[in-house]
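> here is a sequence together with a model predicted from it:
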Amino acid sequence: MVINKDIEFCNAVITEASIKFNNQGDLVLGLCFEGKLDEEDFKTIITYPVGQGGIDAKTFVGTNRGILAIMKIMDVTDASNWESVRGRAVRIPKQQAEGRLCAVCHITKDKWFSLDDCQERKRK
């Protein structure tokens, strides 16, 4: 992912990190980011599909991009396990703080991850 040097960032904390089945039987990665944007509190929630199946399903399908997303989020947050992603500080682009979040950045290091990059790989 190439980050434009003109993009402004704000700090956020990951307050929820979940992997769970939704009502449609999809396995979904969920992240909640909270922080301040121009002195106003914000909360942004993203969900990302990682598989299909559900409780008592006959078939289960996982996606490579779902596993990649989990691994990259853990890498960007320096988390050695999924449970420790919660509580990590990150940077996110200001223009995405109250909308569709797709980039997650390490709080101090030059580490980036874009959910759009995972989706681009699937389309190719």
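That came through, no problem.
> going forward, measure contacts and count neighbours with C-alpha atoms only.
OK.
> ok, longest helix in this protein?
Criterion DSSP state H: the longest helix present in the chain is helix 64-76.
> for the helix or strand that comes right after it, packing partners?
For helix 64-76, the succeeding helix or strand toward the C-terminus, using DSSP states H and E, is strand 89-93. Strand 89-93 sits against strand 9-21, strand 103-106, with contacts defined as 3 or more CA pairs under 8 Å, 6 or more residues apart in numbering; DSSP states H and E.
> packed most tightly, which of those strands would that be?
Of all these, strand 103-106 carries the top mean neighbour count, a mean of 20, counting by mean count of other CA atoms under 10 Å.
> which helix or strand lies directly C-terminal to it?
strand 112-114.
> ok, that next one: who's next to it in the sheet?
strand 103-106 (antiparallel) (DSSP bridges).
> quick one: contacts of the partner strand?
73, 76-77, 89-93, 111-116 (CA atoms under 8 Å, 6 or more residues apart in numbering).
> one more pass at 6 Å, please.
Residues outside strand 103-106 that contact it (CA atoms under 6 Å, 6 or more residues apart in numbering): 76, 77, 90, 91, 92, 111, 112, 113, 114.
> mean confidence for that strand?
For strand 103-106, the mean pLDDT works out to 89.
> out of everything not next to it in sequence, what's closest to residue 30?
Leaving aside its sequence neighbours, residue 30 sits nearest to residue 47 (CA to CA, 6 or more residues apart in numbering; 4.5 Å).
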